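# would you be able to build a 3D model of this:
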Amino acid sequence: MANYTTTGGRDRRYFPRVNYRAYATLVTTRQSWPVHILDLSFNGALTALIHPHDVEIGEELILTIELEGDETIRMQGRLSHQKKHFLGIECRATSIDHQARLNDLLETHKTSVGDPQH
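Reported below is the predicted structural model:
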């Protein structure tokens with residue numbers, strides 16, 4: 001299921017994205033890579049992966065986002081789209097604890113991507 005609909009040529013996401021920068025690890029069944037989180041939602045993330053990779057559209061993966069301290073948010077999903085070194089990942093938190101951490105993080109960084117206040 002897509003996490004957005006198009007109305008008049010404009011994105012209308014069910015889960016608004018927030019600007020958030022963090023380090024994370026992207027893992028497939030074959031390999032893992034360090035990535036940078038650029039924005040985040042309850043249903044996905046936009047990441048930057050500057051290392052050579054062979055991740056394919058639709059491939060299942062796990063994204064582990066590093067938080068302050070020793071906490072992480074673990075999300076499971078698939079590669080939705082790719083443009084140059086930017087990877088769009090459709091994913092969901094893997095447990096109630098990870099969902100709660102993600103929800104807290106999103107509430108803390110609530111200003112949406114593309115908000116004219118930025």
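
# measure the closest residue to residue 57 other than its chain neighbours to residue 98 for me?
Leaving aside its sequence neighbours, residue 57 sits nearest to residue 79 (Cβ to Cβ, 6 or more residues apart in numbering; 5.5 Å). For the C-beta atoms, the positions are set from N, CA and C on the backbone; glycine is no exception. In this view, residue 79 and residue 98 are 20 Å apart by Cβ to Cβ, to the nearest Å.

# and the residue at minimal distance from the centre of the chain, what does it touch?
In the chain, the centroid-proximal residue (Cα atoms, centre = their mean) is residue 45; its distance is 1.4 Å. Taking Cβ atoms under 8 Å, 6 or more residues apart in numbering as the contact definition, residue 45 lies against 24, 37-39, 63, 65, 75, 88-89, 91.

# any idea which helix or strand carries the residue nearest to residue 57?
strand 72-83 (DSSP states H and E).

# would you mark the buried spots in stretch 41-57?
Buried positions in stretch 41-57, judged by neighbour count with 16 or more other Cβ atoms under 10 Å: 41-47, 49, 53, 55.

# could I have it exported to PDB, CA atoms only?
Output of stretch 41-57 as PDB, limited to C-alpha atoms (Å, rounded to 0.1, in the frame of the first residue of the first chain):
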ATOM      1  CA  SER A  41       7.600   9.400   8.900                       C
ATOM      2  CA  PHE A  42       5.600   6.700  10.700                       C
ATOM      3  CA  ASN A  43       5.500   4.700   7.500                       C
ATOM      4  CA  GLY A  44       8.900   5.300   5.900                       C
ATOM      5  CA  ALA A  45      12.200   7.200   5.500                       C
ATOM      6  CA  LEU A  46      14.300   9.000   2.900                       C
ATOM      7  CA  THR A  47      17.900   8.000   3.300                       C
ATOM      8  CA  ALA A  48      21.200   8.800   1.600                       C
ATOM      9  CA  LEU A  49      23.500   5.900   0.800                       C
ATOM     10  CA  ILE A  50      26.800   7.100  -0.700                       C
ATOM     11  CA  HIS A  51      28.500   3.700  -0.900                       C
ATOM     12  CA  PRO A  52      28.100   1.400  -3.900                       C
ATOM     13  CA  HIS A  53      25.200  -1.000  -3.400                       C
ATOM     14  CA  ASP A  54      23.000  -3.500  -5.100                       C
ATOM     15  CA  VAL A  55      19.700  -2.900  -3.300                       C
ATOM     16  CA  GLU A  56      16.800  -3.300  -5.700                       C
ATOM     17  CA  ILE A  57      13.400  -1.700  -5.800                       C
END
